[in-house]
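*Asks:* My questions concern the predicted model and sequence given below.
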Amino acid sequence: MQFHHYAVLLLVASFPVLIAQKLDEEEFSEELLVRPLPDRNVFAHFHFTHRLPPTVHYGSHHVLFPKAIFQIVQKFRIREMELSFTQGRWKYNNWGGVDPLTRLQAKPSGVELWAVFAVPDDQVDATWGNLTHALSGLFCASLNFLESMVMVAKPKKMFASGCGKEGITPLVCSEGFADHHASNQSRSKDQNILRSRVRYGALPREAVCTENLTPWLKLLPCRDKAGLASLLDRPTIYKGSYHSLRLYIKSNNFEEHQGINGDIGTFLQQTLSLVIPASENPSSGEGLKGFQPNWSLFSLFGRHLMGRCLLAKTSALYLEFEAPLVEKLKQLDFGTKDKEYCSLAGSEDEASLLDCSADSSGDIAPFSLSMVKDNDIFMVNGSPSSFSLERGAYGNGVLLSFNIPKHGKQQPLNVGLTWKLPITWSPVRGPFRATRFLVGSGNARGAIALVLKANNMPTRDLMNLHSQRSLEKESLVSPDMTSVTVFQVVPWYIHLYFHTLQVLIDEQPKSFREVIKWMQVVPSEDRTSPGVMEIELKIPYNASVITLIVEFDKGFLRIDEHNPDANRGFDLPSALLSFPTEQSEGNYFHIEATKSSAHFHNSALLEELKRRKSVQVYTEVLLVPLATPDFSMPYNVITLTCTVLALYFGSLLNVLRRRVSEEERLAKSKGPSPQGLLERLLSRLLRRRSVESRARIAKVLKLMLVAGMFIALNYYLSDS
Amino acid sequence: MYMAHSVLVQANGGTSAQTREERLYVVSSVLIFFLLGFPVWLKSTEIYRAPLPFAAVEEYSKHVGSSSLTFPCYFHFIFLEKWAEDWNETLVIEDLENVVIKASQAIHNIVKKSNSSYNYGGCGTSFVVMASLDAGEKCVRTGVPTGLPIWPCGLMRSMPFTLVHQNDNDAVDEFLNRFSSESLIDWEYGASWRGRTSGMYTILSIKENGHNESASGNGGYHGTPKAVIGKYRHAWLITSSRNSLIANEEIEQLSNVVVKFFMNAGGSSHSSKISMEEKGEFLPLAADGKAILSFSLLNAEPADWIFDWNFNELQVRFLDPILQALQPIGYLEVESQVLYHTPSTIQSVWEPAAGKRVVLFEHIPFFVNANEWHLDTSTAAAGRSKVLQFAIYIPPAVECPLHLKQQDGNLSKTNGFTSPGWGGVVIFNPGNCRRNFSGSVQHLSLKNMEPIMNVIIAQIRVLFGLTASISEFNDENMHCIPAVNTAFSEWEIDVLLRRRAAADVASSASTLRSLSHLVQSLPNMVIKDEIGVQVRNSLSAAAAAEYNASKGVYHAAAEAARKARSWAEEAFFQPSIMSLLYLPLEHHFAIYTPFFVPVLLHTFLAAFKEIKRYVRACKSTSSS
């Protein structure tokens, strides 16, 4: 009986949670996260989210959700899709490599598109082709070049929902919203089906500019007329060193149990990540070397943030300080009070955090809102509404949130940062830094080398600790091994010889049995499909350099397969490395809030950061020079060979036909050379002239005749 | 070549007669080789061109140009009258035949007088007039062609004359519809004819004196006859003439009603100068007979107020019946969106007299802001389908009671305007024009939206080439019953169907004609078999449309006409035509001249010289 009561209690307790998740109207939120970077730049991340209830309940008419996207989702039955336009390359070592935001927005330069469809297997390619055309029309990009399967890969283990299940560790996996409802068995079946319906394509050369941004902004209800997007001043955002425009769609509309389990029908995430120089010079008194530049929103973007987008449910601005900077702050500012500092590094649950926050309300607490706002190192301009701490593996990041006022208040929100001390810090780096380069010379063959160098992380032990924890779940990897997955798509004109694949760990060649856990290799087919390499390596923890080398031959391209500027070479898309044992997640816990920050918990950005995902790194784009033909060559060849052949033919015909001796004999027997028609006519007309002058006139007339013929021919040609 | 060398060796020592012929052989063999090679070259460089029925296309387009697709209309005049004692059945039949002849003549005259403008969408001169007398127990009919469903007898008995005289036209209309359809089922061919009543119109003539007892208290019908046009395919005329069975003026009036409404949906407002194709543009449908109605709610300034709607409700309440009604004409789809921050390009002017802000008539063409109103993105409209935009504009608070000014200086009653082929705009002024400072979203209820939706429905009618409202024709002698739910009366749908079918056939003819001209003018264009198939399909569909139209099978004819047009468009927009093989003449010259000009020059010169020499040698041998 008592047990019964408990069950009821439990049910009752869990009910509100379920209700809270249910979505019965469209939601839109806008958020901006700003973070100072160590190299005098500022990282700004615009995060817009649309949520739509399931179509079965809600119908297909919307008031906020962009019609164009909904129609694309419905027409091409998209389960999941991500499209990114990127300019520049994310510097993993300078700007951070493991934090969840990096995981979210660090993309290869150019265009990257992957999609999972809910159509039968035989229609996937056609649907993909149509989708690329639709997107290319929508975003004014040459995405239609991805239509043909020449540059499109079918990844086996990546780019699909659900991660880390049953030994499968996809690289890019985003947690489904309602995945936990389905039973494990049916999910694994689903995943097998899904995997054959994934397509991936990249255009490393695509230039990104405002013509891509404008249609992207059109999808926002306020466009750039109000709210955070009004900060987007085109010259500013394109002069930065990194620019990544992203669109992510996930739809549950095509699931079998749509609307029953799935709380969200369609989810659209639009992000724009920028790294822009903090342009405001330090004021004259502090113009010393080593100072980080002071900045404010206005100095960064050149525009004022006048108010929020009234249609957004959440509209917030966050200022983030990375864990290493906070550590610095801790050392400098609170060096003596270190003991009282509430360390969250090892804490497992929220309870201890809450204890911590309880402490922080007391006087001795070192980390209070006011402390972060104004301390010995920097001062934050503006009044943050709440303050949260990150429980990270590498220390505690600090997040200040600011409420954006409604439009109409005259005072713009100009959040900024003023530095008081010269300070340097280094960001949290990933476990490895990766470079990819070409080996060999000449136009015939070469090799691609991928080198991973371990970052000597100051917090390596912490990372170890962290990964140990995650390793417990991944029983397939022995504790002293870490694993890396390499995904590389190579166009067909680079013929990879997979048998030459070598793996060197600390410059020692290793046998495949030792290092390769799993691999899928698809050799390229000329003009049909690219070569795809998907390898999961297991690497000892103490390895410092890992090298992968694979040799290739360069193929010959037809004359019309070359790009307009063929001498520049061909770009190979970035390789993608993923570290399934390294998880990036950012759990921000709300510590201190003013009353007006009730919406904090609804933040779509922070929700997104909380998702556990594996760390991943994109390598640089490779530029391969191919043998470039002389494009006028076909005509040259035609004219040269034809002339030689014509000469040969003419002389042969003459040799066959004419007899020199006979002609001489004939000439002798006939006497003076027989006159042509023209000469005879002339001699009759101009009897008084001498023979020589007649011959001259005849010559001139002949010339004129030939010229006339050519003019007539030219006239005819130009006429037709 | 080796043989040639041996010839050379021989020639040095051989006799002249031998060498003479051998040299001729050498040259002629080379020449023959080239001459034989020529057809091989032609064949190998030939491009594939599927045979197209050029002659048939030409003939078809000529045929369509001379006579457009016409459907027959069947007009049934029914006179409701009590059987008088002194009437003789043969005399009545004579009278009715007289009526048929007179009415036919009258209709013919009206159609002829108005030239070609009534041919488009009308029935032209292919109409059939029937007349019958319904006296309750006894019915007399004339002019009914075999195979047509016959209006059942006995209306005189069951006709609710009280309703007629109480002016309850709606009820009478419903009764007539029910009466005709129910009775038709009982008829032998009823079931099969039921869906095919398009083009069959019934015109009742009700004499007031035939039932004096019921109309005693109502003396309003003395004088000119009054006509009522129902929303199905019925009309009735209430006359007060007492003398003869059928009066001449009555026939005149009946014919007028028939031509003006049933044939031409309220009269053609377009001048006769407009060609068929241009008129076809009045139906805003794509080649495949589809169109998308895209509704956008434009919040010009969300800082003042934000409105949204429940479009699902609106669609169910207002639009679905219309889409259902228009099904025979085209497949319409509906989509909606709400846009924000969408100011108009036009600055309104304050009009002190009205106390309102107005948009001047000459500014209306610039009202739509193409930069900020992102109306046009529709993936569903990919390809060649048609989108009709309906924008509901909510002005900012500073412009709040915003009104459109008409050409004559008055304020527009509907507060909206249409742009042919594009769609329409309606202005919605929030109730009290007071700013909503809370920034919360206000929902437009069905009640709020009703006047707006009525304007939009009128706009749809205008865009489809009809009058904004059927009640425009109402005067003291005329009453048209508006179709409340569907907005389109059944006879209007018939007219639109005829117009669309005629326009489709005309457009398919002109498309095929341009295709055949294009194909003939570009000899080096590859023509795939598919194009040939599509052209033939289009031609046969057009023939089917013609056949069905002549039989009076409206829906089959319209469907065939639609197919004819869509096949023709398919053929014209075949992607393989787009990728025209680009090999200009200069290219040919550049490839062939370096080799063939010197070689052929040599060959021909040699042949010429050799023949000359041979002839001379022959002469000299014969002379010597």
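*Replies:* Done, it's in.
*Asks:* How is chain A partitioned into domains?
*Replies:* For chain A, the structural domains run A:14-429+A:584-624, A:432-583, A:673-719, going by automatic domain parsing.
*Asks:* Deepest-packed of those, please.
*Replies:* Neighbour counts (mean count of other Cβ atoms under 10 Å in any protein chain shown) averaged over each of the domains of chain A peak at domain A:14-429+A:584-624, with a mean of 19. The way it works is simple: take the backbone N, C-alpha and C, and place the C-beta from them, glycine included.
*Asks:* show me what contacts residue A:310?
*Replies:* A:222, A:226, A:406-407, B:302-303, B:306, B:439 (Cβ atoms under 8 Å, 6 or more residues apart in numbering or on different chains).
*Asks:* Quick check: phi and psi at it.
*Replies:* Phi and psi for residue A:310, reported as degrees, to the nearest 10, are phi -70, psi -20.
*Asks:* Over to residue A:687?
*Replies:* Dihedral angles for residue A:687 - degrees, to the nearest 10 - are phi -70, psi -30.
*Asks:* got it, and the one 5 residues further on?
*Replies:* As for residue A:692, its main-chain torsions (degrees, to the nearest 10) stand at phi -60, psi -50.
*Asks:* For it, give its distance to chain B.
*Replies:* Remark: distance between residue A:692 and chain B (Cβ to the nearest Cβ, to the nearest Å) = 27 Å.
*Asks:* Per-residue pLDDT of that residue, please?
*Replies:* In this model, residue A:692 is scored at 80, pLDDT.
*Asks:* Also residue A:445?
*Replies:* Looking at residue A:445, its pLDDT is 88.
*Asks:* Could you find the closest non-adjacent residue to it?
*Replies:* Nearest non-adjacent residue to residue A:445, counting by Cβ to Cβ, 6 or more residues apart in numbering or on different chains: residue A:553, 5.0 Å away.
*Asks:* Remind me which helix or strand that neighbour belongs to.
*Replies:* Using DSSP states H and E, the element containing residue A:553 is strand A:545-554.
*Asks:* Would you list the strands that that strand pairs with, along with their directions?
*Replies:* Applying DSSP bridges, strand A:545-554 is found paired with strand A:445-454 (antiparallel), strand A:494-505 (antiparallel).
*Asks:* who touches the shortest one?
*Replies:* To tie it back to what came earlier, the one meant is strand A:445-454. So strand A:445-454 is contacted by A:431-440, A:484, A:486, A:488, A:490, A:494, A:496, A:500, A:543-554, A:572, A:575, A:577, A:619, A:622, A:624 (Cβ under 8 Å, 6+ apart).
*Asks:* With only the CA atoms kept, save stretch B:492-506 in CSV.
*Replies:* Taking Å, rounded to 0.1, in the frame of the first residue of the first chain, the C-alpha atoms of stretch B:492-506 are listed here in CSV:
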residue,chain,number,x,y,z
GLU,B,492,-19.8,31.5,-62.5
ILE,B,493,-17.7,28.4,-62.1
ASP,B,494,-19.1,27.2,-65.5
VAL,B,495,-18.1,30.5,-67.1
LEU,B,496,-14.6,30.3,-65.6
LEU,B,497,-14.3,26.7,-66.7
ARG,B,498,-15.2,27.6,-70.2
ARG,B,499,-12.8,30.6,-70.1
ARG,B,500,-10.0,28.5,-68.7
ALA,B,501,-10.4,25.7,-71.2
ALA,B,502,-10.5,28.1,-74.1
ALA,B,503,-7.5,29.9,-72.8
ASP,B,504,-5.6,26.6,-72.2
VAL,B,505,-6.3,25.4,-75.7
ALA,B,506,-5.2,28.7,-77.2
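*Asks:* Helix or strand for residue B:24, just tell me which one.
*Replies:* Secondary structure (DSSP H and E) places residue B:24 in helix B:16-44.
*Asks:* Which is the succeeding secondary structure element to that helix?
*Replies:* Using DSSP H and E, the helix or strand that directly follows helix B:16-44 along the chain is helix B:54-66.
*Asks:* That following helix: what's the following helix or strand?
*Replies:* strand B:73-80.
*Asks:* Can you point out the buried residues in that following strand?
*Replies:* Within strand B:73-80, the residues that count as buried by 16 or more other Cβ atoms under 10 Å in any protein chain shown are B:73-80.
*Asks:* repeat for stretch A:651-659
*Replies:* For stretch A:651-659, by 16+ other Cβ under 10 Å, it's A:653, A:656-657, A:659.
*Asks:* Name the nearest of those relative to residue A:243.
*Replies:* Of all the buried residues of stretch A:651-659, residue A:653 has the smallest distance to residue A:243: 68.7 Å, by Cβ to Cβ.
*Asks:* With pLDDT and distance to residue B:177 added, can I get the buried residues of strand B:73-80 in JSON lines?
*Replies:* Formatted as JSON lines, the buried residues of strand B:73-80 follow (pLDDT from 0 to 100; distance: Cβ to Cβ, whole Å):
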{"residue": "B:73", "pLDDT": "80", "distance to residue B:177": "19"}
{"residue": "B:74", "pLDDT": "81", "distance to residue B:177": "17"}
{"residue": "B:75", "pLDDT": "81", "distance to residue B:177": "17"}
{"residue": "B:76", "pLDDT": "80", "distance to residue B:177": "14"}
{"residue": "B:77", "pLDDT": "80", "distance to residue B:177": "18"}
{"residue": "B:78", "pLDDT": "80", "distance to residue B:177": "15"}
{"residue": "B:79", "pLDDT": "78", "distance to residue B:177": "20"}
{"residue": "B:80", "pLDDT": "75", "distance to residue B:177": "17"}
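*Asks:* Which secondary structure state is assigned to the residue of the stretch 151-300 of chain A found nearest chain B?
*Replies:* Scanning the stretch 151-300 of chain A for the residue nearest chain B gives residue A:225, at 3.8 Å (criterion: Cβ to the nearest Cβ). What DSSP: H, G, I helix; E, B strand; the rest coil gives for residue A:225 is coil.
*Asks:* Now do the same for the closest residue to residue A:608 other than its chain neighbours: its pLDDT.
*Replies:* Once flanking residues are discounted, residue A:608 sits nearest to residue A:104: 6.7 Å by Cβ to Cβ, 6+ apart. In this prediction, residue A:104 carries a pLDDT score of 83.
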